[in-house]
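Trainee: let me see the structure of the following:
(3 chains)
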Amino acid sequence: PLRPTSSLPQSFLLKCLEQMRKVQADGTVLQERLCATHKLCHAEELVLLGHALGIPQPPLSSCSSQALQLTGCLRQLHSGLVLYQGLLQALAGITPELAPTLDMLQLDISDFALNIWQQMEELGLAQAVPPSQGTMPTFTSAFERRAGGVLVASNLQSFLELAYRALRCFAKP
Amino acid sequence: ECGRISLPTPTVHLGDPITASCIISPNCSHLDPESQILWKLGTELQPGKRQRRLADGRQESTITVPRLDSPWVLLSCCLRWGNSLQILDQAEVQAGYPPAAPHNLSCLMNLTTNSLICQWEPGPNNHLPTNFTLKSFKSRGNCQTQEDAIPDCVPNDGQNHCSIPRRHLQLYQSMGIWVQAENALGTSKSPQLCLVPMDVVKLEPPTLWALAPSPEVAAPQPGCLLFHWEPWKPSLYIEQKCELRHQPQLAEASWALVGPLLSQTLQYELCGLLPSTAYVLQMRCTRWPLPGQWSDWSPSLTLATAQR
Amino acid sequence: ECGRISLPTPTVHLGDPITASCIISPNCSHLDPESQILWKLGTELQPGKRQRRLADGRQESTITVPRLDSPWVLLSCCLRWGNSLQILDQAEVQAGYPPAAPHNLSCLMNLTTNSLICQWEPGPNNHLPTNFTLKSFKSRGNCQTQEDAIPDCVPNDGQNHCSIPRRHLQLYQSMGIWVQAENALGTSKSPQLCLVPMDVVKLEPPTLWALAPSPEVAAPQPGCLLFHWEPWKPSLYIEQKCELRHQPQLAEASWALVGPLLSQTLQYELCGLLPSTAYVLQMRCTRWPLPGQWSDWSPSLTLATAQR
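Mentor: Below is the predicted model:
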């Protein structure tokens, strides 16, 4: 594996950090709107439902400070983003008012995943077959889609928080 | 599926009771099958629920809220889990009234947009999303018989006026028009109007000009004013009568009315006025002798009478 | 059918000749089968036509206009009938030039509308209806390879700018962009740009406030000004650098530039100024260290320095 700090182009890392901040900002807007319009403000109130719905949470072990490892971290970050694209697609039809926010979040996540994939290809780190989204939960009611939105947005924020700290280490000159 | 609220109807009359039930499947309360189902109305926990175990192992809780006093309420079916209250389903309940009958329906034929513009008063707020539709049909005489239907005219959100385009109109025939209001609790209709579009034509005001003194135009007599006016161009094909009102620019002056002026006489000498005084002149016109609506008053023309 | 003009093409190069023929059927010139076909170019009768009788009895007249010098011309095929000239058919002929290549194509990523707005200069007037289309494709690196096509962006009539919506963009990937101009006489293309949308992002200006004196905020030193500023909210996720310019409200004062100010420092003390003088302050920001476009200068903030 490549030494963490010097191997990634500085501009790629700066772009990733920028894209992460944008996705986090989009996620916050989704959370704020779900809270304001539907009084669903705390993911902790929906844990039971989350278990029943079976909302997957992608691993980021190679990005954790104890086992920081570039190739593994980029791969996990990329597959996690692909998974979140799938989860957000499963939430389609959440509410007409939230649709634009959801669309923006999906566009920014897919841009971010593409940016990482292309960089991994250029560094020869990309797997032969890009990761697939896997089986997605089905949300059978308007409430489940809204509750799913709260859970997915909350999980996404913690996922990005961890990834952000990892990439910042790589970005320090 | 974890929990599901079922409601007889998502919309009730304001002040009415509402009964809801919530069924929790065993795989959701996997920890303690006997865990208690709790209800929240908005953010407050609700007393007074009955819970029972169904044959298939699912738990059902039923709650009756005696009076719904706010137009929008969020009902949550919850389970206590550890020291947190887990939300399993939510249902939005709307409360309001059936729509009152819209009233004061009135229409004007607008020759600029070539459409019949109708407006109405919606009546008191019924707290529910209410759709207003302007309905009409072609008819004869006093609109006892419906000949052809005219497509519904749906106003933009929140607006209480609608325009029926020229292609749906027969300008010289009677048509029946009313407004329908509809929400989740019912439908109501305004009284029906029977009108002929051209008989409610509202013209744009005429235009007034000062007459610059020239060889052909003799200066006005003392105490008189001379001006030129012309009906609104697109209405030249309509025979009309007009009215002039004037008032001196003096404190507490009031309008004096002169009329009718027929639309052929395009030059007018107004006399009997105070000398060396500024006067404000305005005119309006209406289709005549055929029925029509008076136009608004024209922009003012200010002229001053000569010294004595 | 009475008479029919046929043209090789309804559009020719300005200054080129044009040949047209007109065939008159016998049932139209029923009075005198040998009657002479006349041509009008606009309103002038045209000399120099050749007429012959076809086998089926129809008359054919052919005319060549040596030079078409105006962009639009009406050609009429006529017959003399009694003492009137009867028009049997007309054809419009347009004359102009193939479109020049559009130039000065430039694009900005607008975060308010979330679209890539490109503008260009159409080049000299070619006298013909010309369609401009902004074409682009997703790519990598320096746009040598086309990955996915992006739907054409068609500007509103007569406009020389077009907006590609966010859903067609990959903000951090290269894309090739050019403008195509097309009219009846040909097509031309602008030089191709290769850009990454986010690298041409143009931010909105930051906002400046005066800092009201308060216990926490010490009054500024003599010859200094204290103000608070904040980058444009929707761009807070973008690392940026900003610049301040200031000038005293004195005759012939010029701007002085201070920078870079990094977007973390939201309060700034500007010193080295004249005492008891009003200063006008403006700021602008750009994405940095990643590439971007400078925002416009912010609206001015006017502050006055304290007496000595």
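
Trainee: low-confidence ranges, chain A, go.
Mentor: Where chain A drops to pLDDT under 70, the residues are A:1-7, A:172-173.

Trainee: what strand or helix carries residue A:26?
Mentor: Element membership of residue A:26 [criterion: DSSP states H and E] is helix A:10-38.

Trainee: that helix near chain C at all?
Mentor: Yes. Helix A:10-38 comes into contact with chain C (C-beta under 8 Å from any C-beta of the partner chain), by way of A:11, A:14-15, A:17-19, A:21-22, A:24-25. From N, CA and C alone the C-beta is placed, and that goes for glycine too.

Trainee: how much space separates residue B:146 from chain C?
Mentor: Distance of residue B:146 to chain C, given as C-beta to the nearest C-beta, to the nearest Å: 43 Å.

Trainee: where's that residue relative to residue B:176, distance?
Mentor: In this view, residue B:146 and residue B:176 are 7 Å apart by C-beta to C-beta, to the nearest Å.

Trainee: same thing with residue B:94?
Mentor: Relative to residue B:176, residue B:94 is positioned 33 Å away (C-beta to C-beta).

Trainee: what do you get for residue B:77?
Mentor: On the measure of C-beta to C-beta, residue B:77 and residue B:176 end up 50 Å apart.

Trainee: these two: who's more crowded?
Mentor: residue B:77 (27 against 20; other C-beta atoms under 10 Å in any protein chain shown).

Trainee: report the contact partners of residue 141.
Mentor: Let's take chain A. By C-beta atoms under 8 Å, 6 or more residues apart in numbering or on different chains, residue A:141 lies in contact with B:4, B:89.

Trainee: let's do chain B instead
Mentor: residue B:174.

Trainee: other SSEs contacting the helix holding residue A:26?
Mentor: helix A:99-122, helix A:142-171 (3 or more C-beta pairs under 8 Å, 6 or more residues apart in numbering or on different chains; DSSP states H and E).

Trainee: C-terminal to that helix, what's the next element?
Mentor: Next element after helix A:10-38 (DSSP H and E): helix A:47-53.

Trainee: by contact count, what packs against that next one?
Mentor: helix A:142-171, strand B:72-81, strand B:84-96.

Trainee: the second one vs chain A: in contact?
Mentor: Yes. Strand B:72-81 reaches chain A (C-beta under 8 Å from any C-beta) through B:74, B:78-79, B:81.

Trainee: next, the nearest residue to residue A:114 once chain neighbours are set aside: phi, psi?
Mentor: In this structure, residue A:114 finds its nearest non-sequential neighbour in residue C:170, 6.1 Å apart by C-beta to C-beta, 6 or more residues apart in numbering or on different chains. Per-residue torsions, residue C:170: phi -110, psi 100 (degrees, to the nearest 10).

Trainee: ok, residue C:170 touching residue A:113?
Mentor: No. Using C-beta atoms under 8 Å, residue C:170 is not in contact with residue A:113; the gap is 10.6 Å.

Trainee: what's in contact with whichever strand or helix holds residue B:105?
Mentor: In this assignment (DSSP H and E), residue B:105 forms part of strand B:103-110. Residues from elsewhere that reach strand B:103-110 (C-beta under 8 Å, 6+ apart): B:115-121, B:123, B:163, B:171, B:177-179, B:190-191, B:193, B:195, B:197-198, B:200-202, B:293.

Trainee: residue A:10: neighbour count?
Mentor: By the criterion of other C-beta under 10 Å, residue A:10 has 13 neighbours.

Trainee: need the overlap of contacts for residue B:146 and residue B:176.
Mentor: Shared contacts of residue B:146 and residue B:176 (C-beta under 8 Å, 6+ apart): B:137, B:139.

Trainee: before we move on, back to that, residues contacting the residue nearest to residue A:114?
Mentor: Listed by C-beta under 8 Å, 6+ apart, the contact set of residue C:170 reads A:111, A:114, C:138, C:197.

Trainee: pLDDT score for it?
Mentor: In the prediction, the pLDDT value recorded for residue C:170 is 96.

Trainee: closest one to chain C among the helices and strands packed on helix A:47-53?
Mentor: Chain C sits nearest to helix A:142-171 of all the helices and strands packed on helix A:47-53, at 11.0 Å, using C-beta to the nearest C-beta.

Trainee: any idea what the closest residue to chain A within the stretch 51-200 of chain B is bridged to?
Mentor: Closest contact between the stretch 51-200 of chain B and chain A, by C-beta to the nearest C-beta, is at residue B:86 (4.0 Å). Beta-bridge partners for residue B:86, by DSSP bridges, are residue B:79.

Trainee: what's the burial count for it?
Mentor: Other residues within reach of residue B:86, judged by other C-beta under 10 Å, total 25.

Trainee: if I look at it, how far off is residue B:78?
Mentor: Distance of residue B:86 to residue B:78, given as C-beta to C-beta: 6 Å.

Trainee: so who does the residue of the stretch 51-200 of chain B closest to chain A touch?
Mentor: A:45-49, B:78-80.

Trainee: chain center to the helix or strand containing residue A:82: distance?
Mentor: Under the criterion of DSSP H and E, residue A:82 resides in helix A:70-90. Put simply, helix A:70-90 sits 6 Å off its chain's centre (C-alpha atoms, centre = their mean, to the nearest Å).

Trainee: quick one, that helix and helix A:99-122 angle?
Mentor: 150 degrees (axes from the mean of the first three to the mean of the last three C-alpha atoms, to 10 degrees).

Trainee: and the residues of strand B:72-81 next to chain A, which of them are buried?
Mentor: B:78-79, B:81 (16 or more other C-beta atoms under 10 Å in any protein chain shown).
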